[in-house]
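Chemist: okay, sequence plus prediction incoming.
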Amino acid sequence: MTITFPAFAQGTRVEDITATIYKDLTNNKFKSVEEHLNTYIAQDLLTRHGTDLFLDVIDGIIDTIEKEKAHDAWSTIETNWFKKSPNSFAQEFFRQRFKHAEALYFTQDTRSENLLQSQRRRYKETMGNSYNRYLKLSQEHPDEWRTHAYLAHNYKRYKLTAKELNEHFIEAQRLKKGEVSSMQGYIAALSPYELGRDDKMIEAGIASILQKYPDRNLTKPEYIDATIKQEIEDKIFEISIGRMLITARKYVENADKESYAPTLIPMTYEAIYKDLKKHYADRPEKIEQHSLSLKRPAVWNEVKSNYSQLLKRYPSSGKYLIEYLKLSLEHGQSDKIKALIQDIENNDPNYRPADLAPVQCDYYSSLQNDKSNDNSKNNSALQMYNACKKAAFYKDNETYIYRTGWAARQLKNYDESNEYLERAVKLAPNNPAYLTDLCWNYKDLKDFGKALDYCDKAITVDRKHARAWLGRSHINYYGFDNLALSQKDAQMYKQLTQQK
């Protein structure tokens, strides 16, 4: 099978791409591999994850070599490839990445006794100098921004200082204005929990507190109690996350008008929200009330505005729409996406269903818990059924399969519901909810023996699963006319629900 670049752009699975390229390399089809990779690098096909996918392929091949214990064979392949294509950027990038991977492999403690000291020394040197090798690669290819972007994005791996990170970030932006992956690393590094807490920030935090208490001599440690110390820490934190947002906004403002830069605003808010949850873990009320929290309307207006720009720039790509929908659901902003989903369903129901269906499934599932939506429960159950069925088709995920079965049950399609619920049970045999829904389905179908069997299985998995006891109570009363046993099961159900 020959890999095509539209396949890359449309999200072909990395595993398939890896297998194809690995096969071509082992068969010495170097020209074919280079054509794919070099063209891909040059075209930068409308995806901000282009470089990430390229690196995922490399990592996939490294994993394959490790799994097949083919290190010696790979040395021959690499040598032959280099001889035939000494000036290939893709080949050189592979070469340096593999050097780093080999170093990690050969310096593992479990393998050290099997290697000569000189061999171990050579690979340790390779591992230790991996950053310098990438740096050399960037110098040999001065117009290739991806190497700088890669180093900035992976600043943790190479233990870059704030100065080094900044240099690579600036160089990536100079060569490719609006490039995102380097900015992603840069924003992450501005986090108070990464590289963002510098001396100037600490000084600013302390100065702010000194101004707040002019009548107290806080320059002496004995006057700084636990409360003041917490205030200083909070102030430094607030300055840090404020700087993250200011940096991202300036970047978006100055980026090329057709770049992917607007995606950095929601990305930055997500990073800030994670930091808020860390910093105020013992004061949760401050998280939701914070002016930069994703729960705030003003924040969502900015997030929506930036996603709107991306949707206008790339209307044929579902990536940014899906990101926006997922972010909305994760942070309880489902009302913000209702109009978007309805517009897609009315005007383009086949819009990238593999991406959209899981989000629709999550959205319509969330409506089932919305008490204000009681009048349209049946309609939302039908919408949930259609979306989750489509999601289960594209992704063999137990959650989507189960939700399809659950929605079918609400629509009284018991046979189809059982089909999906039984599929869910095969994937997760110890989930009492799946077993209990099958119990209730068979009860409604008046197959009381099978219904009782599923409720008993659910109770065996989790004796405190209340709804299974309620199911048993109904089955014993309506199916077997056993009032005493039904009352006993009902009492167990009552005790469990009172405990909750």
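Modeler: Ah, there it is.
Chemist: quick check: Asn476 vs Asn482, distance?
Modeler: Using C-beta to C-beta, to the nearest Å, one obtains 4 Å as the distance from Asn476 to Asn482. No exception for glycine: its C-beta is placed from N, CA and C like everyone else's.
Chemist: between these two, which one's more packed in?
Modeler: Asn476 (22 against 14; other C-beta atoms under 10 Å).
Chemist: list the contacts for that one?
Modeler: 452, 482, 485-486, 489 (C-beta atoms under 8 Å, 6 or more residues apart in numbering).
Chemist: and the pLDDT for it?
Modeler: What the model reports for Asn476 is a pLDDT of 90.
Chemist: low-confidence stretches in the stretch 401-500 of the chain?
Modeler: 499-500 (pLDDT under 70).
Chemist: and His279, how many neighbours does it have?
Modeler: Residues near His279, counting by other C-beta under 10 Å, number 21.
Chemist: so it touches Glu238, yeah?
Modeler: No - the pair His279 / Glu238 is not scored as a contact, 9.2 Å apart, by C-beta atoms under 8 Å.
Chemist: pull the contacting residues for Asn430.
Modeler: Asn430 neighbours (C-beta under 8 Å, 6+ apart): Val461.
Chemist: just the element for it, please.
Modeler: Here Asn430 is covered by no helix or strand, with elements defined by DSSP states H and E.
Chemist: over to the one 10 residues further on?
Modeler: Following DSSP H and E, the helix or strand that holds Trp440 is helix 432-444.
Chemist: equivalent analysis for Ser308, please.
Modeler: Assigned by DSSP H and E, Ser308 falls in helix 297-313.
Chemist: determine which two of the contacts of Asn476 are furthest apart.
Modeler: The span of these, defined through C-beta to C-beta, is set by Leu452 and Ser486 at 11.7 Å.
Chemist: which neighbours do those two share?
Modeler: 472, 476.
Chemist: going along the chain, name the helices of the stretch 51-200 of the chain.
Modeler: Under the criterion DSSP state H, counting those that start in this stretch, helices of the stretch 51-200 of the chain are mapped to 71-84, 89-106, 109-112, 117-128, 130-140, 145-153, 162-175, 181-189, 199-212.
Chemist: quick one: average pLDDT of the fifth one?
Modeler: Mean pLDDT, taken over the full extent of helix 130-140, equals 71.
Chemist: buried residues in stretch 256-273?
Modeler: Within stretch 256-273, the residues that qualify as buried are 259-273, counting by 16 or more other C-beta atoms under 10 Å.
Chemist: next, count neighbours for the residue lying closest to Ser240 once chain neighbours are set aside.
Modeler: Counting by C-beta to C-beta, 6 or more residues apart in numbering, Ser240 lies nearest to Pro192, which is 3.9 Å off, once chain neighbours are set aside. The number of residues packed near Pro192 is 21, by other C-beta under 10 Å.
Chemist: looks like Pro192 contacts Asp234 (just checking).
Modeler: No - in this structure, Pro192 is not within contact of Asp234 by C-beta under 8 Å, at 10.5 Å.
Chemist: overlap in contacts of those two?
Modeler: What both Pro192 and Asp234 touch, as defined by C-beta under 8 Å, 6+ apart, is the set His279.
Chemist: which residues does Ser182 contact?
Modeler: 148-149, 152-153, 168-169, 172-173.
Chemist: show me which pair in these is furthest apart.
Modeler: Pairwise distances across the contacts of Ser182 peak at 12.8 Å for His153 and Gln173 (criterion: C-beta to C-beta).
Chemist: more crowded one of these two?
Modeler: A count of neighbours by other C-beta under 10 Å puts His153 above the other of His153 and Gln173, at 26 against 21.
Chemist: mind checking how far that one is from Arg174?
Modeler: Taking C-beta to C-beta as the measure, His153 falls 16 Å from Arg174.
Chemist: look at Leu382 and report its pLDDT.
Modeler: At Leu382, pLDDT is 89.
Chemist: repeat that for the one 10 residues further on.
Modeler: At Ala392, the model reports a pLDDT of 89.
Chemist: poorly predicted segments of the stretch 251-400 of the chain, please.
Modeler: Scanning the stretch 251-400 of the chain for pLDDT under 70 picks out 315-319, 321-322, 334-353, 369-378.
Chemist: if I look at Lys229, how far off is Asp447?
Modeler: According to C-beta to C-beta, Lys229 and Asp447 sit 66 Å apart.
Chemist: between those two, who's got more neighbours?
Modeler: Taking Lys229 and Asp447 together and counting by other C-beta under 10 Å, Asp447 has the greater number of neighbours (15 against 12).
Chemist: for Lys235, which non-adjacent residue is spatially closest?
Modeler: Distance criterion C-beta to C-beta, 6+ apart; nearest residue to Lys235, sequence neighbours excluded, is Gly205 at 4.0 Å.
Chemist: ok, that neighbour - contacts?
Modeler: 232-233, 235-236, 239.
Chemist: let's see that with 7 Å instead.
Modeler: 232, 235-236, 239 (C-beta atoms under 7 Å, 6 or more residues apart in numbering).
Chemist: for these, which one is nearest His465?
Modeler: Ile236 (47.3 Å).
Chemist: using the three-state scheme, assign Ser259.
Modeler: At Ser259 the chain is in coil, as set by DSSP: H, G, I helix; E, B strand; the rest coil.
Chemist: what is the longest helix along the chain packed up against?
Modeler: Looking across the chain with DSSP state H, the single longest helix is helix 226-254. In terms of contacts (3 or more C-beta pairs under 7 Å, 6 or more residues apart in numbering; DSSP states H and E), helix 226-254 is packed against helix 181-189, helix 199-212, helix 264-279.
Chemist: let me know how buried Ser486 is, in neighbour terms.
Modeler: 19.
Chemist: thought it was touching Tyr477?
Modeler: Yes - here Ser486 lies in contact with Tyr477, judged by C-beta atoms under 7 Å, at a distance of 3.8 Å.
Chemist: now the contacts of Asn476 as TSV including secondary structure?
Modeler: Below are these laid out as TSV (three-state DSSP):
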residue	secondary structure
Leu452	helix
Asn482	coil
Leu485	helix
Ser486	helix
Asp489	helix
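Chemist: quick one on the thing from earlier: now the helices and strands packed on helix 226-254 as a markdown table including distance to His465?
Modeler: Conversion of those to a markdown table gives the following (distance: least, C-beta to C-beta, whole Å):
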| stretch | distance to His465 |
| --- | --- |
| helix 181-189 | 41 |
| helix 199-212 | 50 |
| helix 264-279 | 31 |
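Chemist: Thr76 is nearest to which of these?
Modeler: Short answer: helix 181-189, nearest of those by C-beta to C-beta, at 32.7 Å.
Chemist: what's the average pLDDT for that closest one?
Modeler: 76.
Chemist: stretch 146-160 now?
Modeler: Mean predicted confidence for stretch 146-160 is 78.
Chemist: that stretch: which residues count as buried?
Modeler: Applying a neighbour-count criterion of 16+ other C-beta under 10 Å, the buried positions in stretch 146-160 are 146-155, 158, 160.
Chemist: one more: stretch 394-409?
Modeler: Neighbour count says stretch 394-409 has 397-409 buried, by 16+ other C-beta under 10 Å.
Chemist: next, the contact list for Cys439, please.
Modeler: By C-beta under 7 Å, 6+ apart, Cys439 lies in contact with 451, 454-455, 458, 468, 471.
Chemist: tell me the one of the contacts of Ser182 nearest Arg249?
Modeler: The closest of the contacts of Ser182 to Arg249 turns out to be Gln173 (C-beta to C-beta; 15.2 Å).
Chemist: report pLDDT for the closest one.
Modeler: For Gln173, the predicted pLDDT is 80.
Chemist: how many residues are close by the closest residue to it other than its chain neighbours?
Modeler: Distance criterion C-beta to C-beta, 6+ apart; nearest residue to Gln173, sequence neighbours excluded, is Glu179 at 6.4 Å. Neighbour count for Glu179, taken as other C-beta under 10 Å: 28.
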